[in-house]
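Engineer: Need coordinates for the below:
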Amino acid sequence: MIKTVATAIVIAAQSTTWAGPPPVYSDATSSSGLLEFTMAPGLGGGVAAADYDDDGDIDVFVPTDQGTAHQLYKNQTSEGLSPLFLEVAAETGLDSLALGRGAVWLDANSDQRLDLLIAGDCFQSDCIAGTTLLHLFQQQPDGTFVDVTLQSGLFDDASKATPHWQRAGVTAGDIDQDGDPDLYMTSWRGGAQLYRNDNGVFVDISDSSGAGLATTFAFGAWQSLIHDFDRDGQRDIFVAIDFAEDQLMLQNAGLFNDVAPAAGLDRAWNGMGIAQGDVDNDGDFDLYVTNISDTWPDGEVRHSTFYRNDSTDSAQLFTEMSHAAGIDNAFWGWGATFLDANNDMLLDLAVTNGYYTWTDPSRLFLNIGGDSIAFSDAADATGFNDTDWGSGLIAFDADRDGDLDLMQACVDGPLRLMLNGFNEPAHWLTVRPRLLNGARPLDAIVRVTAGAITQSRVISAGTSFMSQEPAESHFGLASATGADVVTIEWPDGRVTHYRDLNSNQTITLTPPVFVGNFEATAN
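Structural biologist: Below is the predicted model:
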């Protein structure tokens, strides 16, 4: 038996001079079983990935336009073979014809089964009073889903909506630290709402908490992110906002206060998508916010922004350095994700983009390492350079071969799977943190140390643009054949260390259990 205490993690800034060769992505859409789909009309939509059936593979839910059944892709990939998905929405009860734009997987009623919230609107269409724009589907023991929206408190009457109001990001996190996931929902020209989860029933606390954003035609709140930015044990909220200042709302005992101006995050441009990652391997999480890269009539040059996290224990501080890092120009950006695409211990950046007549290519920037943060444009070299209007974008290992693939939801189609064909002799490790009851610990931090490098990842539910990545953390290990230490900082403040784990595996790790006054590992 061992005694484990929650200790502060201090990590010096680290880098590696070995930047691996670029991966090559190939379009595996048709061969993987993905079907045609119709996105809701308007300014984009997303996808939500999770291992909803707990079989070890990542499944994907795709919301669709009104009158078109939603799609649930069950991952049926066999070991060593190309990815294969089977569309099972009808047999699971998720083939609703209601308009869906974004979705998030969460265990709403704490029964250790993932439920699904689908968020819609009636953008550019008529709103029918008495119908709901939100749909919460509860997973049953047999893997089917039942609509429990009415009893969940999330009935969102369409009569409140207008044709210019569009749903945006849906994010889940444990705001009140009671063990179940709460919800934060943004909308373009419709404000934002915070819903507290009270044993499976959601209560709107937007006004009382100060986290709600007023409904206004002047600006639109796009993607949001729930994370404990100031490391005080309370979850905070960052929101990317169109035509107004982005907001970083720190929580203090249930009340939220915007500190974005002091933190350097209050740029009033066209914030849309968000990527979060420890780009410089210094232990804290940097932010990338997609924007429109263009010169405006007043001569102002706008672009996507990369914020290096320079925060201290006493203050949040972010330094904008997208131009210096070489990732400012992502054209008309929407979804974005940090990923180690070539398993070299450095986080790379993928961005999807477009807008009506813009034919701007998707971007993949490779992190080149060294003493400063710098990226090189590898879109053409990697094959991630389509000119569709890309919207949602996520990274996950679809075929469990140890490298990260990309899934991209495009306006007017397609839903695209880009398969990573990286085959260099670089090692990897994927960590699935789980509580003892199997629940996903939202905002848990996973750190992997191999040699002199410590990498950090955070588990989230809602990211990129109207999308969700699975509750697991992928780490490239370069030439290291294992991890010296894997550290998990659990949302309740405990810290657990796991030592000498072999590379090239996907491993589920749980926290210790209490035995008297001591803790014993659960594995």
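
Engineer: Please count neighbours and contacts with C-alpha atoms only from this point.
Structural biologist: Will do.

Engineer: which residues does Phe318 contact?
Structural biologist: Contact analysis of Phe318 by C-alpha atoms under 8 Å, 6 or more residues apart in numbering lists 263-265, 286, 307-311.

Engineer: One more pass at 10 Å, please.
Structural biologist: Neighbouring residues of Phe318 by C-alpha atoms under 10 Å, 6 or more residues apart in numbering: 260, 262-265, 286-287, 306-311.

Engineer: Of those residues, just say which sits nearest to Pro512.
Structural biologist: Taking C-alpha to C-alpha as the measure, Pro512 sits nearest to Asp286 out of the contacts of Phe318, at 29.5 Å.

Engineer: partners of the closest one in the sheet?
Structural biologist: The residues paired with Asp286 through beta bridges, assigned by DSSP bridges, are Gly277.

Engineer: That one: neighbouring residues, count only.
Structural biologist: Close neighbours of Asp286, defined as other C-alpha atoms under 10 Å, add up to 20.

Engineer: Over to Ala129?
Structural biologist: If we define neighbours as other C-alpha under 10 Å, then Ala129 has 12 of them.

Engineer: isn't it right next to Thr162, touching?
Structural biologist: No - because the distance of 11.4 Å does not satisfy C-alpha atoms under 10 Å, Ala129 is recorded as not touching Thr162.

Engineer: What about the contacts of Phe318, which are in helices?
Structural biologist: Among these, the subset assigned to helices under DSSP state H consists of 260, 262-263.

Engineer: ChimeraX command for the buried members of those?
Structural biologist: Below is the selection syntax for ChimeraX that covers the buried ones among the ones in helices among the contacts of Phe318, with 16 or more other C-alpha atoms under 10 Å defining burial:
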select :260,263
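
Engineer: Closest one of the ones in helices among the contacts of Phe318 to Arg302?
Structural biologist: Relative to Arg302, the closest of the ones in helices among the contacts of Phe318 is Ala260; by C-alpha to C-alpha it sits at 18.6 Å.

Engineer: what's the spacing between the closest one and Ile241?
Structural biologist: As defined by C-alpha to C-alpha, to the nearest Å, Ala260 lies at a distance of 12 Å from Ile241.

Engineer: any common contacting residues for those two?
Structural biologist: Between them, Ala260 and Ile241 share these contacting residues under C-alpha under 10 Å, 6+ apart: 247, 266-267.

Engineer: could I get those residues as TSV with distance to Ala315?
Structural biologist: Below are those laid out as TSV (distance: C-alpha to C-alpha, whole Å):
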residue	distance to Ala315
Gln247	15
Asp266	15
Arg267	18
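
Engineer: What about those, which one has the most neighbours?
Structural biologist: The most neighbours of any of the shared contacts of Ala260 and Ile241, using other C-alpha under 10 Å, belong to Gln247, which has 24 neighbours.

Engineer: That one contacts Gln223, correct?
Structural biologist: No - contact status for Gln247 versus Gln223: not in contact, 11.2 Å apart, counting by C-alpha under 10 Å.

Engineer: Look up the residues that both of these two are in contact with.
Structural biologist: Overlap of the contact sets of Gln247 and Gln223 (by C-alpha under 10 Å, 6+ apart) consists of 238-241.

Engineer: What is the most widely separated pair among those?
Structural biologist: The most widely separated members of the shared contacts of Gln247 and Gln223 are Phe238 and Ile241, with 9.7 Å between them, by C-alpha to C-alpha.

Engineer: which residues in the stretch 301-450 of the chain form strands?
Structural biologist: Taking DSSP state E, counting those that start in this stretch to define them, one finds strands in the stretch 301-450 of the chain at 301-302, 305-309, 318-320, 333-339, 348-353, 363-367, 375-377, 390-396, 405-410, 415-420, 427-433, 445-450.

Engineer: quick one: strands adjacent to the second one?
Structural biologist: In this case it means strand 305-309. Applying DSSP bridges to the sheet, strand 305-309 is found paired with strand 286-289 (antiparallel), strand 318-320 (antiparallel).

Engineer: which stretch among the ones you listed comes nearest Gly476?
Structural biologist: It's strand 286-289; of the strands paired with strand 305-309, that one is closest to Gly476 (C-alpha to C-alpha) at 18.4 Å.

Engineer: Now that closest one: average pLDDT?
Structural biologist: Taken as a whole, strand 286-289 has a mean pLDDT of 98.

Engineer: Show me the contact partners of it.
Structural biologist: Outside of strand 286-289, the residues that reach it under the criterion C-alpha under 10 Å, 6+ apart are 223, 238-241, 246, 265, 270-280, 303-310, 318-320, 322, 327-328, 333-338, 349, 464.

Engineer: All good on my end, thank you.
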